[in-house]
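Asks: Need coordinates for the following:
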Amino acid sequence: MELLDNGPVTSDLMCSYCLRPRSETGPLVASPLATICLPCAENALKLFERQAAERPQAAPEDMEGTPTAWSRLTDQELIGRLPEVAAAGAQVEQHLRSWVTAARDRGISWARIGEALGMTRQSAWERFRSS
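Replies: Sure, this is the predicted structure:
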């Protein structure tokens, strides 16, 4: 995965994990949903390494790309997870609407927004015009 440097951030974001502002932590890595400072990222890596050492190797994906962990769930467990996935999807959609609104506030055309999202300008306008 390639990290992009989008230039200086003018607002004082805070780390989503330790809740300290960038002015205290130094540079942050940001995604649309979260930011993380170097100390928290290092702690997360240590946690991943420790957990990886404690558990057996994960099973590979099956032939159709479905993680085998899903195949170990009962039907009830699988159905029980669907509302969680739907809620996450709704949060992503809400966040995407915020980004589209920011793009429109900058005067970016519906054509460019649609192109970035892999849709026509008309589809982008119909989907996000009320944002």
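Asks: List phi and psi for the residue nearest in space to the middle of the chain.
Replies: By CA atoms, centre = their mean, the chain has its centre lying nearest to residue 33, at 5.3 Å. Main-chain dihedrals, residue 33, degrees, to the nearest 10: phi -110, psi -20.
Asks: confidence score at the closest residue to residue 119 other than its chain neighbours?
Replies: Nearest residue to residue 119 in three dimensions, chain neighbours excluded: residue 127, at 7.6 Å (CB to CB, 6 or more residues apart in numbering). Any C-beta I mention is one placed from the backbone N, CA and C, and that applies to glycine too. In this model, residue 127 is scored at 94, pLDDT.
Asks: Check which helix or strand residue 127 maps to.
Replies: helix 121-128 (DSSP states H and E).
Asks: And for residue 102?
Replies: helix 75-105.
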